[in-house]
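Undergrad: whatever this is, show me its structure:
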Amino acid sequence: MLDGPVLETARLRLRIPQEHDFEGFCALMSDPEAARHIGGVQPDAITWRNMAALIGHWQMRGYGFFSVEEKSTGAWVGRVGPWNPHQWPAPEVGWSILRSHWGQGYGPEAAGAALDFVFDRLGWERVIHLIAADNVNSAAVARKLGSANTGEIAQVPGFPDALTEVWAQSKADWAVNRARLVHALTP
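TA: Numbering: from 1, shown residues only. Alright, predicted model coming up:
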């Protein structure tokens, strides 16, 4: 079990994934709509391997996707965080939230905490979000974060047939956009 950072927002806790998160990962990857833009529905054995790869990313790079849980219930609601696998176009912050938790603002809230983490603690100067061209929900999250669509690339390693938009922002952009996001998330 890896020790590492724990990020907290008003409603969420972000922590390194653990084996007991497997049920949540399976729920995410067995939902055709939630998994559509992140590799599609996967059998549990493949989901386990992919979860292990996310945990291994922490070991290899010192950062990775966080498991996101509701502070009030402890429920696993998704995975959000920094990611930069081999041959990736640039360091990314990505997000995948269980469909049962869509529409509650968890994506922007957790991704905002992840952006703070990469800019303040990892020292990144720029971040991207790779979003399938037809993924309107993720594009909406990127827009809420203040990221801009910088164009499309034809092939992302591991997703050769998907047209992918590259959304991005700099550390300086985030310094401005963060205040706007926090204001929007405040009840």
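
Undergrad: who touches the top helix by length along the chain?
TA: In the chain, with assignment by DSSP state H, the single longest helix is helix 44-61. Residues lying outside helix 44-61 but in contact with it, judged by Cβ atoms under 8 Å, 6 or more residues apart in numbering, are 2, 4, 16-17, 21-22, 25-26, 29-30, 39, 42, 63-65, 79, 83-85. All C-beta spots, glycine's among them, are computed from the backbone N, C-alpha and C.

Undergrad: which of those residues fall in helices?
TA: Using DSSP H, 22, 25, 26, 29, 30 are the members of the contacts of helix 44-61 that sit in helices.

Undergrad: buried ones among the contacts of helix 44-61?
TA: 16-17, 21-22, 25-26, 29, 42, 63-65, 79, 83-84 (16 or more other Cβ atoms under 10 Å).

Undergrad: can you list these in a markdown table and add distance to residue 109?
TA: Formatted as a markdown table, these follow (distance: Cβ to Cβ, whole Å):
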| residue | distance to residue 109 |
| --- | --- |
| 16 | 19 |
| 17 | 18 |
| 21 | 19 |
| 22 | 24 |
| 25 | 20 |
| 26 | 24 |
| 29 | 22 |
| 42 | 26 |
| 63 | 19 |
| 64 | 19 |
| 65 | 16 |
| 79 | 14 |
| 83 | 18 |
| 84 | 22 |
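
Undergrad: on that earlier part again, got the angle for the longest helix of the chain vs helix 22-30?
TA: Orientation of helix 44-61 against helix 22-30 (axes from the mean of the first three to the mean of the last three Cα atoms, to 10 degrees) gives an angle of 110 degrees.

Undergrad: give me the next element, helix or strand, following helix 44-61.
TA: For helix 44-61, the following helix or strand on the C-terminal side (DSSP states H and E) is strand 66-70.

Undergrad: what sits up against that next one?
TA: Applying Cβ under 8 Å, 6+ apart, the set of residues contacting strand 66-70 is 7, 11-18, 21, 24, 75-81, 97, 106, 110, 114.

Undergrad: now list the buried members of those residues.
TA: Burial by neighbour count, judged by 16+ other Cβ under 10 Å, picks out 7, 11-17, 21, 24, 76-81, 97, 106, 110, 114 from the contacts of strand 66-70.

Undergrad: phi and psi next, for the residue positioned nearest the centre of the chain.
TA: By Cα atoms, centre = their mean, the mean C-alpha position of the chain lies nearest to residue 95, the distance being 2.3 Å. The phi and psi torsions at residue 95 (degrees, to the nearest 10) take the values phi -150, psi 150.
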